[in-house]
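A.B. asks: Return a 3D structure for these sequence lines:
(2 chains)
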Amino acid sequence: EAGVAQSPRYKIIEKRQSVAFWCNPISGHATLYWYQQILGQGPKLLIQFQNNGVVDDSQLPKDRFSAERLKGVDSTLKIQPAKLEDSAVYLCASSLGMGNSGNTIYFGEGSWLTVV
Amino acid sequence: RKEVEQDPGPFNVPEGATVAFNCTYSNSASQSFFWYRQDCRKEPKLLMSVYSSGNEDGRFTAQLNRASQYISLLIRDSKLSDSATYLCVVTPKNTGGFKTIFGAGTRLFVKA
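C.D. replies: Just a heads-up that it's a prediction; the model follows:
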């Protein structure tokens, strides 16, 4: 079974530039997550989709970050303009459902962003 | 207070040792609990779920204490391959459904 696919794997940009990350979840998974993981810290949830609706985006810096999941499958996460503190791994994940059942979260390998 | 708190460690233990990690959570309405393992420069992967009655999988035992709002992970007979970061995951219910919160992780180094 194919896992969560992400691209690009690595990206280096200058501050104030923009970047976009793409994610394709496991087939059939209704819930999609974007996490930001800074070195030495745990993953921080940026946004959670249930199908194509947003469940939680309370920690998404909306002045510079945006995410969409238009058809309830693939998702993109954009940062514009990037800041130095955005350097992190951006992990996309998916799960079959939400709540108590089907809540095992499967992660992609991550997109490593360095802002210089 | 953070929603999920873990001792960051690192825990340095010899092979064969028994080691235990705790994780506390602040939201008493939390519904589901998990331990994930993350190897260096890799993505997190599910280690085990934590049930109210406890859960054991080989050398790993997970416990839930709802009254004190913490979960624990016990590793017996540690192996070199157990060296990793162990992430506590809590799923409290919010108004929009369920959100998933990761702790910062506890680093374990098992030495020969």
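A.B. asks: residues touching residue B:74, list them.
C.D. replies: B:18, B:19, B:20, B:60, B:61, B:62, B:63 (CB atoms under 8 Å, 6 or more residues apart in numbering or on different chains). For the C-beta atoms, the positions are set from N, CA and C on the backbone; glycine is no exception.
A.B. asks: possible to save those as JSON lines with pLDDT, distance to residue B:46 and secondary structure?
C.D. replies: Shown next, in JSON lines, are the contacts of residue B:74 (pLDDT from 0 to 100; distance: CB to CB, whole Å; DSSP: H, G, I helix; E, B strand; the rest coil):
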{"residue": "B:18", "pLDDT": "98", "distance to residue B:46": "22", "secondary structure": "coil"}
{"residue": "B:19", "pLDDT": "97", "distance to residue B:46": "20", "secondary structure": "strand"}
{"residue": "B:20", "pLDDT": "96", "distance to residue B:46": "19", "secondary structure": "strand"}
{"residue": "B:60", "pLDDT": "97", "distance to residue B:46": "12", "secondary structure": "strand"}
{"residue": "B:61", "pLDDT": "97", "distance to residue B:46": "16", "secondary structure": "strand"}
{"residue": "B:62", "pLDDT": "96", "distance to residue B:46": "12", "secondary structure": "strand"}
{"residue": "B:63", "pLDDT": "96", "distance to residue B:46": "17", "secondary structure": "strand"}
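A.B. asks: ok, these vs chain A, which is closest?
C.D. replies: Set against chain A, the nearest of these by CB to the nearest CB is residue B:62 (14.4 Å).
A.B. asks: Tell me the bridge partners for the closest one.
C.D. replies: Beta bridges link residue B:62 to residue B:55, residue B:73, judged by DSSP bridges.
A.B. asks: Check the gap between it and residue B:5 for me.
C.D. replies: Relative to residue B:5, residue B:62 is positioned 17 Å away (CB to CB, to the nearest Å).
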